[in-house]
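**Student:** pasting the sequence and the predicted model now:
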Amino acid sequence: MHRIPVTRLSTLTLAAALTAFTAQADEIWVTNEKDDTISVIDIDTLEVTRTIPTGDRPRGITFAHDFSVVYICASDSDAVQVMDPVSGEILYDLPSGEDPEQFALHPDNRHLYIANEDDAITTVVDTQSREVVRQISVGIEPEGMAVSPDGTIAITTSETTNMAHWIDTETGDLIANTLVDSRPRHAEFVKGGTELWVSSEIGGTITVFDVATKAEKAKIGFELPRILPSLIQPVGFEFTEGDSHAFVALGPSNHVAVVDAETYEVEDYILVGRRVWHMAFNADRSRLFTTNGVSGDVSVIDVAEREAVKSIQVGRFPWGAAFRQTN
């Protein structure tokens, strides 16, 4: 019987282990709204490893809490697509209402809250039964969605009405409507759900609300030298560990702002690609990946150094970004 030498066996075992490790690297998934694809970025190598076809005009993207499936807003297909992240196969479509743009998954990992831009409604879908649970009338051109950490409140932002709509998730009732500046785009609950942040793209601000009182707590503005104020358009934002700092995408200004989340003061600006939209952190939040629509790339930010260290070419008009843990 032919025997493999021990030294060679060890080498083969090590090589297999390294291959398995490489295959399990965490990923950033990026929707390309003009290509109808997703670009998958290996976080270790900072390279695109897969390009996966989707429905028409993919924008919002989020993973199930256990990363078993990925949900994709195929806006022009009027569907939320459910994909197997391992095979890249679209398993089925969820009913979503017309023109789904962004969504938020409830902490129960079952109910998906979807903003339907063309219908002025928020659609709630049960991802297990694949049925619409309810549809809630909100303001004109809803886009941003958020659900509180305890699951009791959902937020929809409406671009034309310039409001954040507060929804009781138990009853589906609107419990408050709070004004923000022009064209709100993104919303997030932070600090254990005690604050709500809403970005206003044309208004050029972020409004911070006290969740308990629903009153405005702070207004954050931005200013960049030699850049017209009209080009400073906050859209997506993400928070560092402990919600100490926010990184805010500033659209056609081609910069990301760094904001102290306690003082609400802007500390820094980071130059990235053209028309920065949204972003996603890696697992330990040491790197931030931004989608730059016009330049068709993703900027990789070193969070500690507060600078972009790499540009990764993806598809045309990258829009949404989501982190995938693979092990």
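**Tutor:** That came through, no problem. What you see is a predicted model, and the numbers here were worked out from it, not measured in a lab. Residues are numbered from 1 along each chain as shown.
**Student:** roughly how far does P252 sit from T194?
**Tutor:** Separation of P252 from T194 (C-beta to C-beta, to the nearest Å): 32 Å. Yep, even glycine has a C-beta here, placed from its N, CA and C like the rest.
**Student:** contacts for stretch 39-50, please.
**Tutor:** For stretch 39-50, contacts defined as C-beta atoms under 8 Å, 6 or more residues apart in numbering pick out 22, 25-30, 32, 38, 51-52, 88, 282-283, 287, 289, 298, 300, 310, 312-315, 318.
**Student:** list the buried residues in that stretch.
**Tutor:** By 16 or more other C-beta atoms under 10 Å, the buried positions in stretch 39-50 come out as S39, V40, I41, D42, I43, L46, V48.
**Student:** now swap in stretch 86-99 and tell me
**Tutor:** Residues I90, D93, L94, S96, G97, D99 are the ones in stretch 86-99 that count as buried (16+ other C-beta under 10 Å).
**Student:** end-to-end on that stretch?
**Tutor:** Across stretch 86-99, the terminal residues are separated by 27 Å (C-alpha to C-alpha, to the nearest Å).
**Student:** gap between that stretch and the chain center?
**Tutor:** Offset of stretch 86-99 from its chain centre (C-alpha atoms, centre = their mean, to the nearest Å): 17 Å.
**Student:** from the rest of the structure, what touches it?
**Tutor:** Contacts of stretch 86-99 (C-beta under 8 Å, 6+ apart): 50, 52, 54-55, 69, 71, 73-84, 112, 114, 116-119, 121, 123, 125, 127, 130-132, 135.
**Student:** 6 Å instead, please
**Tutor:** Applying C-beta atoms under 6 Å, 6 or more residues apart in numbering, the contact partners of stretch 86-99 are 52, 75, 78-84, 114, 116-119, 121, 123, 125, 130, 132.
**Student:** and for stretch 307-314?
**Tutor:** V30, S39, I41, L46, V272, D297, V298, S299, V300, I301, D302.
**Student:** repeat for stretch 119-126
**Tutor:** By C-beta under 6 Å, 6+ apart, stretch 119-126 touches 94, 96-98, 111-114, 116, 132-138, 140, 156.
**Student:** mean confidence for that stretch?
**Tutor:** The average of the pLDDT scores along stretch 119-126 is 94.
**Student:** and the buried residues of stretch 39-50 as CSV, adding distance to E241, secondary structure and pLDDT?
**Tutor:** Supplementary listing: those in CSV, determined by distance: C-beta to C-beta, whole Å; DSSP: H, G, I helix; E, B strand; the rest coil; pLDDT from 0 to 100:
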residue, distance to E241, secondary structure, pLDDT
S39, 26, strand, 98
V40, 25, strand, 98
I41, 21, strand, 98
D42, 23, strand, 98
I43, 17, coil, 97
L46, 21, coil, 98
V48, 27, strand, 98
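**Student:** which of those sit farthest apart?
**Tutor:** Greatest spatial distance in the buried residues of stretch 39-50: S39 and I43, 13.1 Å, computed using C-beta to C-beta.
**Student:** ok, back up a step: dump the buried residues of stretch 86-99 into CSV; add distance to V259, pLDDT and secondary structure as well.
**Tutor:** Below are the buried residues of stretch 86-99 laid out as CSV (distance: C-beta to C-beta, whole Å; pLDDT from 0 to 100; DSSP: H, G, I helix; E, B strand; the rest coil):
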residue, distance to V259, pLDDT, secondary structure
I90, 37, 97, strand
D93, 37, 96, strand
L94, 34, 95, strand
S96, 32, 85, coil
G97, 33, 78, coil
D99, 31, 81, coil
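**Student:** and which of those residues is nearest V276?
**Tutor:** Nearest member of the buried residues of stretch 86-99 to V276, counting by C-beta to C-beta, is D99, at 22.9 Å.
**Student:** can you flag the buried ones in the contacts of stretch 86-99?
**Tutor:** With neighbours counted using 16+ other C-beta under 10 Å, those contain these buried positions: 52, 75, 78-83, 114, 116-117, 119, 121, 123, 125.
**Student:** those: which two are farthest apart?
**Tutor:** Spatial extent of the buried ones among the contacts of stretch 86-99 (C-beta to C-beta) is set by the pair I52 and I121 at 29.0 Å.
**Student:** ok, A308 - how many residues close by?
**Tutor:** Counted by other C-beta atoms under 10 Å, the residues lying close to A308 total 19.
**Student:** bridge partners for it, pull those for me.
**Tutor:** Under the criterion DSSP bridges, A308 forms beta bridges with I301.
**Student:** then the one 4 residues further on?
**Tutor:** Partner residues in beta bridges with I312, using DSSP bridges, are V298.
**Student:** equivalent analysis for A115, please.
**Tutor:** Listed by DSSP bridges, the beta-bridge partners for A115 are T122.
**Student:** many thanks, have a good one.
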